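Participant: sequence isn't available, so here's the structure alone:
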């Protein structure tokens with residue numbers, strides 16, 4: 001993975017409005033991690049990313065439970081694995097700009113793999129669409 005801006009691409013769409021909108025917002029937050037903000041500290045920026053990811057995961061988990069998604073546990077396991085990885089990187093990011101870049105790259109790589117590589121979110125999107133959730 002190169003050190004490029006984490007940009008949302010149409011191929012990242014999972015086909016469910018709320019999930020796609022949240023993924024787009026997350027990519028925007030990752031871009032914010034590359035900006036020098038004289039008002040916000042690194043710790044605040046990282047906390048914003050973590051809070052939004054927690055919100056997003058809770059939303060997905062709610063949908064999976066509500067619609068009885070058959071791969072719920074496997075999906076939750078991936079979310080828990082993400083949290084473990086994020087926590088390992090988060091501590092040093094409060095004062096280290098290089099660590100902040102590592103977080104940005106890890107989150108970007110994890111989400112693109114989660115959407116495209118192992119198709120975890122794509123499969124969820126197809127399942128939810130088949131149950132009548134609004135398509136993107």
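Facilitator: Thanks, I have the structure now. Small disclaimer: the values here were computed from a predicted structure and weren't measured.

Participant: ok, residue 120 - contacts?
Facilitator: 71, 74-75, 78, 114 (CB atoms under 8 Å, 6 or more residues apart in numbering). (Each C-beta comes from the backbone N, C-alpha and C, glycine too.)

Participant: at 7 Å instead, please
Facilitator: Residue 120 is in contact with 75, 78, 114, counting by CB atoms under 7 Å, 6 or more residues apart in numbering.

Participant: equivalent analysis for residue 50, please.
Facilitator: Residue 50 touches 86, 90, counting by CB under 7 Å, 6+ apart.

Participant: can you give me the buried ones in the host helix or strand of it?
Facilitator: Using DSSP states H and E, residue 50 falls within helix 42-66. Judged by neighbour count (16 or more other CB atoms under 10 Å), helix 42-66 contains these buried residues: 42, 45-46, 49-50, 52-53, 56-57, 60, 63-64.

Participant: got the residue ranges for the strands in the protein?
Facilitator: Using DSSP state E, no strands are assigned anywhere in the chain.

Participant: and the helices in it?
Facilitator: 17-32, 42-66, 72-90, 97-112, 120-130 (DSSP state H).

Participant: would a markdown table of those helices with distance to residue 11 and mean pLDDT be doable?
Facilitator: Output for the helices of the chain, formatted as a markdown table (distance: least, CB to CB, whole Å; pLDDT from 0 to 100):
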| stretch | distance to residue 11 | mean pLDDT |
| --- | --- | --- |
| helix 17-32 | 11 | 91 |
| helix 42-66 | 19 | 93 |
| helix 72-90 | 20 | 93 |
| helix 97-112 | 10 | 86 |
| helix 120-130 | 10 | 93 |
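
Participant: could you dump those into a markdown table with distance to residue 10 added?
Facilitator: Shown next, in a markdown table, are these (distance: least, CB to CB, whole Å):
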| stretch | distance to residue 10 |
| --- | --- |
| helix 17-32 | 10 |
| helix 42-66 | 19 |
| helix 72-90 | 23 |
| helix 97-112 | 13 |
| helix 120-130 | 13 |
